[in-house]
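1. kindly generate the corresponding structure for this input.
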Amino acid sequence: MSGDQVEAAVASCTAALRTAADRDWEAVNAAGMEWTCRTTAFHIAEDFAAYASRLAGRAQHRLPLDITLPEGTDNAGLLQVIEATGALLAAAVRTAPPGVRAFHPAPFGGADREGFAAMGVAEALLHTHDIARGLGLPYEPPADLAESVLTWLFPHIQPGPEPWPTLLWATGRGELPGRAPVTDWTWYNNLVIPSDRITLTGIRPAAARDLALGGNGGFDWLDDGPYEGTREACTYLVKAYEAGVHRPEFGVFALVRPEDGRAVGGIGFHGAPDEEQRVEIGYDLVTGARGHGYATEALRALTEWALARDDVDTVIATVEPDNLPSQRVVARAGFTRATVEEERTAQDDHDTDTGLLLYLRR
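-> Now for the predicted structure:
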């Protein structure tokens, strides 16, 4: 997801709306909205400008920035404003360094450059749809743009047979056979958890798929990374996404050093909390990053984040008996060895591997 997709979405939007530039956009509401078609079109430009300024300025809150149209601006002029502000967003995305984040409220308080690009594309596609329906125009954007929005902003939504109808359904704008109507929705930027020397950066389904297939997932990995455990975890993440059961806050995270932007390992959950509010965690490091305390720091940060939630009571880690370094990691992160009874219960009720040592933190 890059400036190229933003430009493609802008081109799709303006090409569709330009066919009705001679119509009165103030006389008709956009479909499903209280805004007129003209107000909705201006909203697209406003979002482009807001996203570009936040990302370029590394804003950690809403910026007091407004754009206005000169009196007498016609629909053709408004489309030029959409093109201009879209170009600003594309440029901001292209020039932002990897890992830079800026404010966006939904749902974790921030977004990176890929997130702002995805949100800009989503605004363009969805609101062009709303305007086109209000004006009685046909509109269907390129399927790859709709699919990109789904994989970057809707990791909790099971992919459908076609991306555009799925995106419309996911945002309450259409029906999808076999699925209940959506009346309340949100998109998800990836979760990022900062720590002292590393940042836990949530891996989206699109990046996870690339990692599972042997790619780098968009990360600059140290040495021989990522380690095989991270690739395997990403494989399970993709399967959960395709099954519609992925919860992005309980996914997989890359461990990134802010000092140089290098990814040094991975950490993540084996799934969402169970009925007993238990969640299991796993981690690994690339060879060149071991022995520096990164695993302990990451495990402690993610565990404390999980235990601060209302839906998590216990965090579980399982370690092989001969893996003494990992046993020291879990001990330093505040985990304690489970009792014999707790291990037996885990084996009977949760199918825990009998050959692994069980550690808990509450």
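
2. now do the helices in the protein.
-> With DSSP state H as the criterion, the chain has helices at 3-18, 37-57, 75-95, 113-135, 143-153, 163-170, 205-212, 228-243, 294-307, 324-332, 340-350.

3. so which of those comes closest to Val286?
-> Using Cβ to Cβ as the measure, helix 228-243 is the one of the helices of the chain that comes nearest Val286, at 8.8 Å. Where you see a C-beta, it was placed from the backbone N, CA and C, and this is true even at glycine.

4. what lies in contact with that closest one?
-> Residues from elsewhere that reach helix 228-243, judged by Cβ atoms under 8 Å, 6 or more residues apart in numbering: 155, 158-159, 203, 205, 207-209, 211-212, 214, 217, 246, 251-252, 254, 265-266, 268, 270-271, 282-284.

5. could you redo the last one with a cut-off of 6 Å?
-> Under the contact criterion Cβ atoms under 6 Å, 6 or more residues apart in numbering, helix 228-243 has outside partners 155, 205, 208-209, 211-212, 246, 251-252, 266, 268, 284.

6. most neighbours per residue, which of the helices of the chain?
-> Mean neighbour count, computed with mean count of other Cβ atoms under 10 Å, is highest for helix 113-135 among the helices of the chain, reaching a mean of 25.

7. I'd like the helices of the chain laid out as JSON lines, including mean pLDDT and distance to His104.
-> Shown next, in JSON lines, are those (pLDDT from 0 to 100; distance: least, Cβ to Cβ, whole Å):
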{"stretch": "helix 3-18", "mean pLDDT": "98", "distance to His104": "15"}
{"stretch": "helix 37-57", "mean pLDDT": "97", "distance to His104": "7"}
{"stretch": "helix 75-95", "mean pLDDT": "98", "distance to His104": "13"}
{"stretch": "helix 113-135", "mean pLDDT": "97", "distance to His104": "7"}
{"stretch": "helix 143-153", "mean pLDDT": "95", "distance to His104": "11"}
{"stretch": "helix 163-170", "mean pLDDT": "97", "distance to His104": "18"}
{"stretch": "helix 205-212", "mean pLDDT": "94", "distance to His104": "18"}
{"stretch": "helix 228-243", "mean pLDDT": "94", "distance to His104": "22"}
{"stretch": "helix 294-307", "mean pLDDT": "97", "distance to His104": "19"}
{"stretch": "helix 324-332", "mean pLDDT": "94", "distance to His104": "34"}
{"stretch": "helix 340-350", "mean pLDDT": "77", "distance to His104": "37"}
